[in-house]
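S.K.: After the sequence you'll find the predicted model.
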Amino acid sequence: MGFSVSGASAIIFASLFVGFGMWYPAAANSFEQVADAEADRTDRLLDQQNTDLEIVSATHNGTHLTVDVENEGASQLRLSGTDLLVDGRYESGWTAGATVASDGGTDLWLSGETLAITVAASTKPDRVTVVTESGVSATAVVA
């Protein structure tokens, strides 16, 4: 009777040790992924809070729509991460005719700089919206 109790106890403790050895890495990895996701969310929220836009002007001259947008926030923006909506329709390819601080060869839009967008538009649109990669947007009526 003495050996069977000792043997059973040893088997139970060994199986608990093996079970804990399998559980711990999986749990640690899950906790690490959750912590990384929370850090990413905090970074995105900070970027969103540091982003501010103002559409300085939006004009239509009969053939082209010209929009001047100023980056009034503290964060730097990318043109490739910025979207243009004209009357609620997504405009693609607008970055080809866009300039930042009179420089047409950059994708970086820093704080205090003005983005000038020119797109072909045969009819006068009502509204224009510029949306950044962090989800901050500015809307203006076209003059």
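M.R.: Now that the structure is in, tell me what you want to look at.

S.K.: Apart from its neighbours in sequence, what residue is nearest L115?
M.R.: V69 (4.6 Å; CB to CB, 6 or more residues apart in numbering). Where you see a C-beta, it was placed from the backbone N, CA and C, and this is true even at glycine.

S.K.: whoops, I mixed them up, D87
M.R.: What sits nearest to D87 in space, not counting adjacent residues and going by CB to CB, 6+ apart, is P125, at 4.6 Å.

S.K.: Roughly how far does the one you found sit from D68?
M.R.: Plainly put, P125 is 15 Å away from D68 if you go by CB to CB, to the nearest Å.

S.K.: now swap in L46 and tell me
M.R.: Shown here: L46 relative to D68, a distance of 27 Å by CB to CB.

S.K.: rewinding a little: may I have the secondary structure class of the residue nearest to D87?
M.R.: coil (DSSP: H, G, I helix; E, B strand; the rest coil).

S.K.: Can you read off the pLDDT for it?
M.R.: P125 carries a pLDDT value of 91.

S.K.: Show the contacting residues for it.
M.R.: The contact partners of P125, by CB atoms under 8 Å, 6 or more residues apart in numbering, come to H60, L65, V86, D87, V142.

S.K.: Give me the residues contacting the strand or helix carrying the second one.
M.R.: Counting by DSSP states H and E, the secondary-structure element that holds L65 is strand 64-71. Under the criterion CB under 8 Å, 6+ apart, residues 52-60, 77, 84, 86, 109-121, 125, 128, 130, 138, 140, 142 lie in contact with strand 64-71.

S.K.: buried stuff in it?
M.R.: L65, T66, V67, D68, V69, E70, N71 (16 or more other CB atoms under 10 Å).
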